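Visitor: Structural data only, the sequence is not supplied:
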Ligand SMILES: NC(=O)c1ccc[n+]([C@@H]2O[C@H](COP(=O)([O-])OP(=O)(O)OC[C@H]3O[C@@H](n4cnc5c(N)ncnc54)[C@H](O)[C@@H]3O)[C@@H](O)[C@H]2O)c1
Ligand SMILES: O=C(O)C[C@H](O)C(=O)O
């Protein structure tokens, strides 16, 4: 199993580290445009191998896509992150050009690749790959919901004063400060609805804290987060590489599912060796459906800014 990660920055390197530590891939190639940077990150990570007990071979290359040839999975993390006070949508100007050229170069050398898009604004970058490449839609996956759901569980556990392993929940919709749709009515503590333990006001607070999870970290760090994003990407990569058939909310091109059409947005999917193997239809309340609709309108507005 060969995995390429484009962008050896904070998220790309974190993702490579988690993939290596989980020890399911034979090879990870890190590629960056900055001379020597990916080579340095790869060497540093390989010097963790004996310490952390993994055999995954990590190599780094500067802009040489021939070294990515035959990749089964590629992750795109190249592009700029936001600074405090910015929205993800403001990154479109620079990141759209990067994602377009990077995805084309990857496919040229790995025509059968399954692509995971991470660069922001992620739903629009996923749509861009859908519009500008010939990859079938099951092989274009946007990562956002897996991360947002992890943040949702963190906030739920905090409110419940419970261990995170007792908590389950999912965030659908766009990966944006306003567009996330945390499914509070479906969230559970050990199969009991969380509404049995938390007031409506407290649950609303959990949802709001979840939605601004990325912005909160950006405010604290001065740039956006990388540990949980890297871990979330590694979870998707593992589900595909190991044909796990796990459910994750991912951004995918919709053709009528959830009443939405012609855009990529976060919905629950089953991930296995073919990428997105099925979109899962979760029954949503009228209020949740309205939030999905509103979220899609936000994503569509950003998509309209693309020069296709
Ligand atoms: N979808 C998500 O949930 C999620 C989570 C975290 C970050 N992100 C996004 O991921 C992106 C990367 O974030 P980061 O914190 O790793 O940023 P970073 O600045 O640490 O790393 C980005 C890397 O991309 C490289 N790069 C730029 N242009 C390139 C090109 N044409 N080819 C190859 N490499 C190129 C840069 O040299 C840099 O090393 C940002 O857009 C950020 O908003 C998304
Ligand atoms: O918040 C960001 O800009 C980065 C990423 O999308 C995140 O949610 O951490």
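Guide: Okay, I see it. Since the model is a prediction, treat every value here as computed from it, not as a measurement. Numbers count the residues shown, from 1 in each chain. Ligands and ions are numbered 1, 2, ... in the order given.

Visitor: Every contact and neighbour count from this point should use C-alpha atoms.
Guide: Will do.

Visitor: Can you list the residue ranges for strands in the stretch 151-300 of the chain?
Guide: 167-168, 171-173, 180-182, 188-189, 192-193, 246-255, 261-272, 275-279 (DSSP state E, counting those that start in this stretch).

Visitor: Among the ones you listed, which comes closest to ligand 2?
Guide: Closest to ligand 2 of these, according to C-alpha to the nearest ligand atom: strand 180-182, at 10.6 Å.

Visitor: picking that back up, give me whichever of the strands of the stretch 151-300 of the chain is most buried.
Guide: strand 171-173 (a mean of 30; mean count of other C-alpha atoms under 10 Å).

Visitor: So which other helices or strands are in contact with that one?
Guide: helix 145-160, strand 180-182, strand 261-272, helix 286-303 (3 or more C-alpha pairs under 8 Å, 6 or more residues apart in numbering; DSSP states H and E).

Visitor: OK, contacts around the residue of the stretch 151-300 of the chain found nearest ligand 1?
Guide: Going by C-alpha to the nearest ligand atom, ligand 1 is nearest to residue 229 of the stretch 151-300 of the chain, at 4.7 Å. Each residue near residue 229 by C-alpha atoms under 8 Å, 6 or more residues apart in numbering is listed here: 11, 14-15, 147.

Visitor: what does this structure have sitting close to ligand 2?
Guide: Taking C-alpha under 6 Å from any ligand atom as the contact definition, the chain meets ligand 2 at 81-82, 88, 214-215, 224-225.

Visitor: In helices, which of the residues you listed appear?
Guide: The helices, defined by DSSP state H, take in 214-215 from the residues of the chain next to ligand 2.

Visitor: Pull out the buried residues from stretch 289-308.
Guide: 289, 291-300, 302-303 (16 or more other C-alpha atoms under 10 Å).

Visitor: near ligand 1, which residues of the stretch 151-300 of the chain show up?
Guide: Counting by C-alpha under 6 Å from any ligand atom, the residues of the stretch 151-300 of the chain near ligand 1 are 224-226, 229.

Visitor: Would you format these as a markdown table with pLDDT included?
Guide: Below are those laid out as a markdown table (pLDDT from 0 to 100):
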| residue | pLDDT |
| --- | --- |
| 224 | 98 |
| 225 | 98 |
| 226 | 98 |
| 229 | 98 |
